[in-house]
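Participant: Sequence first, then the predicted structure:
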Amino acid sequence: MNIAMNTPLQELDWSQQMSQLGTLIEHEPMARHTTLAVGGAARWFFRPNDRAALIEAMTLSPADVPTLPLGRGSNMLIPDTGYDGVVIDLSELNTIEFNGCSVKAGAGARMSRLARQCAENGLTGCEFMATVPGDIGGGVAMNAGCFAQQVSDTLTYIEVVLANGDIQEINAADLNISYRHTALPKASLVISASFELRTDHPEEIRERMRAMRSRRSATQPLTQPNCGSVFKNPEGDHAARLIEAAGLKGFSIGGARISQQHANFIVNEGDASSADIMALIERAQRVVKQQSGIELEPEVRMISDTNSAWPGEEA
Ligand SMILES: Cc1cc2nc3c(=O)[nH]c(=O)nc-3n(C[C@H](O)[C@H](O)[C@H](O)COP(=O)(O)OP(=O)(O)OC[C@H]3O[C@@H](n4cnc5c(N)ncnc54)[C@H](O)[C@@H]3O)c2cc1C
């Protein structure tokens with residue numbers, strides 16, 4: 001940790017205590033932590049050592065310092081100006097425990113690892129996770145899904161830590177889950193998620209995962225930095241079809257381009273800024289609205305540089 005000599009005493013106190021509980025870095029570029037590879041610095045970047053450290057840290061950070069949970073950063077657009085608060089990276093909370101057809105995974109476990117282990121254990125229901133590059137916490141927060149499967153199909157309950165450090169167990173039925181939406185308690189972080197799966201032959205499960213992977217790599221620009229689908233599909237239609245019909249496939253601003261391969265993907269061609277990507281998002285929304293009357297809603301979480309973009313909401 002690198003604390004400037006003129007840091008106020010109060011801040012020194014809590015940040016010093018936080019640094020005992022994990023890795024605390026000041027001014028960490030978020031471009032290193034998002035799959036779009038853009039985004040300015042987080043004022044603080046905190047990776048707790050474990051669950052107990054996270055819980056303790058929640059009670060330490062001052063109420064006026066906003067916090068932002070981070071998974072794999074595969075659905076996040078952080079502004080070029082960065083994030084003026086504490087980004088909390090949950091990657092150390094990554095245990096996966098099996099008990100018959102039930103599995104409990106820490107928020108920081110990769111979804112692909114969970115899918116692989118489920119296949120090894122002959123459990124079906126989360127094959128799609130093999131193809132989504134996020135963590136369990138991000139998957140729950142987004143209700144991630146594809147290939148006719150989604151997190152909510154098998155989710156039974158989650159554990160969250162609240163801003164005061166209290167742990168709350170919430171049944172999936174009480175999360176108001178819908179398409180790419182989960183209502184988490186305000187300012188909470190998912191720390192674990194439990195799923196109920198069904199048995200099947202491991203080789204058949206693996207075969208379905210292989211088919212999903214190859215379909216994805218044939219249709220999506222996976223070799224360039226991106227965040228998956230930029231917009232939610234409007235009821236009864238596809239965002240990619242609408243963007244293509246609006247003539248925007250391949251359109252670029254600065255270093256960001258609407259993919260030639262899949263019009264609902266924006267790719268960073270190497271030197272894109274967040275502002276370039278935001279400008280492309282706004283352009284697509286404007287032109288699609290003019291041409292079809294449909295308002296495209298971003299699926300990517302567009303984080304603001306302060307607390308106002310907190311992704312959770314009251315369950
Ligand atoms: C190539 C590619 C393909 C993709 N394909 C799909 C797809 O098929 N289907 C799909 O649904 N998505 C897809 N995505 C998007 C993304 O992978 C998913 O939304 C994923 O669930 C995000 O997980 P993450 O850990 O990266 O979350 P992040 O991007 O880190 O965070 C996403 C949001 O969740 C919040 N969050 C993260 N962790 C927690 C936590 N522990 N507690 C509370 N809130 C939290 C963050 O604050 C943020 O608001 C794709 C992305 C890429 C790059």
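Facilitator: Perfect, thanks for sending it. Small disclaimer: the values here were computed from a predicted structure and weren't measured. Numbers count the residues shown, from 1 in each chain.
Participant: from here on, contacts and neighbour counts on C-alpha atoms
Facilitator: OK.
Participant: need the strands for the stretch 151-300 of the chain, in chain order.
Facilitator: Using DSSP state E, counting those that start in this stretch, the strands of the stretch 151-300 of the chain run over 155-161, 167-171, 189-196, 198-199, 252-253, 256-258, 266-268.
Participant: Make CSV out of those and add distance to residue 23, mean neighbour count and mean pLDDT.
Facilitator: As requested, those are exported to CSV (distance: least, CA to CA, whole Å; neighbours: other CA atoms under 10 Å; pLDDT from 0 to 100):
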stretch, distance to residue 23, mean neighbour count, mean pLDDT
strand 155-161, 19, 21, 98
strand 167-171, 22, 15, 98
strand 189-196, 18, 24, 98
strand 198-199, 38, 14, 98
strand 252-253, 36, 18, 98
strand 256-258, 32, 25, 98
strand 266-268, 29, 27, 98
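Participant: Reformat the ones you listed as TSV; add distance to the ligand.
Facilitator: Below are these laid out as TSV (distance: least, CA to the nearest ligand atom, whole Å):
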stretch	distance to the ligand
strand 155-161	7
strand 167-171	13
strand 189-196	4
strand 198-199	21
strand 252-253	19
strand 256-258	14
strand 266-268	10
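Participant: The ones you listed into CSV, with extra columns for distance to residue 280?
Facilitator: As requested, the strands of the stretch 151-300 of the chain are exported to CSV (distance: least, CA to CA, whole Å):
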stretch, distance to residue 280
strand 155-161, 34
strand 167-171, 37
strand 189-196, 30
strand 198-199, 42
strand 252-253, 6
strand 256-258, 7
strand 266-268, 8
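Participant: and residue 220, which of these is closest to it?
Facilitator: Closest to residue 220 of the strands of the stretch 151-300 of the chain is strand 266-268 (CA to CA; 10.5 Å).
Participant: for that closest one, packing partners?
Facilitator: Strand 266-268 sits against strand 256-258, with contacts defined as 3 or more CA pairs under 8 Å, 6 or more residues apart in numbering; DSSP states H and E.
Participant: Against which helices or strands is the strand it packs on packed?
Facilitator: For strand 256-258, the elements it packs on are strand 266-268, helix 274-292, judged by 3+ CA pairs under 8 Å, 6+ apart.
Participant: Please identify the most buried of those.
Facilitator: Ranked by mean neighbour count, the helices and strands packed on strand 256-258 are led by strand 266-268 with a mean of 27 (mean count of other CA atoms under 10 Å).
Participant: Quick one: distance of that one to the chain centre.
Facilitator: Here the centre of strand 266-268 is set off from its chain's centre by 17 Å, with CA atoms, centre = their mean, to the nearest Å.
Participant: What is the burial count for residue 211?
Facilitator: Using other CA atoms under 10 Å, residue 211 has 10 other residues around it.
Participant: okay, it: pLDDT?
Facilitator: Note for residue 211: predicted pLDDT of 97.
Participant: OK, contacts around residue 149?
Facilitator: 125-126, 128 (CA atoms under 8 Å, 6 or more residues apart in numbering).
Participant: ok, so of the residues you listed, who is nearest the ligand?
Facilitator: Among the contacts of residue 149, residue 128 lies closest to the ligand (CA to the nearest ligand atom), at 7.7 Å.
Participant: What is the neighbour count of that closest one?
Facilitator: 22.
Participant: For it, give me phi and psi.
Facilitator: Main-chain dihedrals, residue 128, degrees, to the nearest 10: phi -60, psi -30.
Participant: Show the pLDDT at it.
Facilitator: Listed pLDDT for residue 128 reads 98.
Participant: Distance of it relative to residue 213?
Facilitator: Distance from residue 128 to residue 213, counting by CA to CA, to the nearest Å: 9 Å.
Participant: Any regions of the stretch 1-150 of the chain where pLDDT drops low?
Facilitator: 1-12 (pLDDT under 70).
Participant: How about residue 160, nearest residue that isn't a chain neighbour?
Facilitator: residue 190 (4.3 Å; CA to CA, 6 or more residues apart in numbering).
Participant: Could you list everything residue 44 pairs with in the sheet?
Facilitator: residue 26, residue 86 (DSSP bridges).
Participant: Residue 29 and residue 43 touch, don't they?
Facilitator: No. Counting by CA atoms under 8 Å, residue 29 does not reach residue 43; the two are 9.1 Å apart.
Participant: neighbour count winner among the two?
Facilitator: Each of residue 29 and residue 43 has its neighbours counted (other CA under 10 Å); residue 29 has more, 21 against 18.
Participant: Tell me who's in contact with the more buried one.
Facilitator: Residues in contact with residue 29 (CA under 8 Å, 6+ apart) are 39-42, 82.
Participant: ok, now with 10 Å
Facilitator: Contacts for residue 29 (CA atoms under 10 Å, 6 or more residues apart in numbering) come out as 37-45, 80, 82-83.
Participant: now do residue 144
Facilitator: Counting by CA under 10 Å, 6+ apart, residue 144 touches 111, 128-129, 132, 134, 136, 138, 150-152, 179-182.
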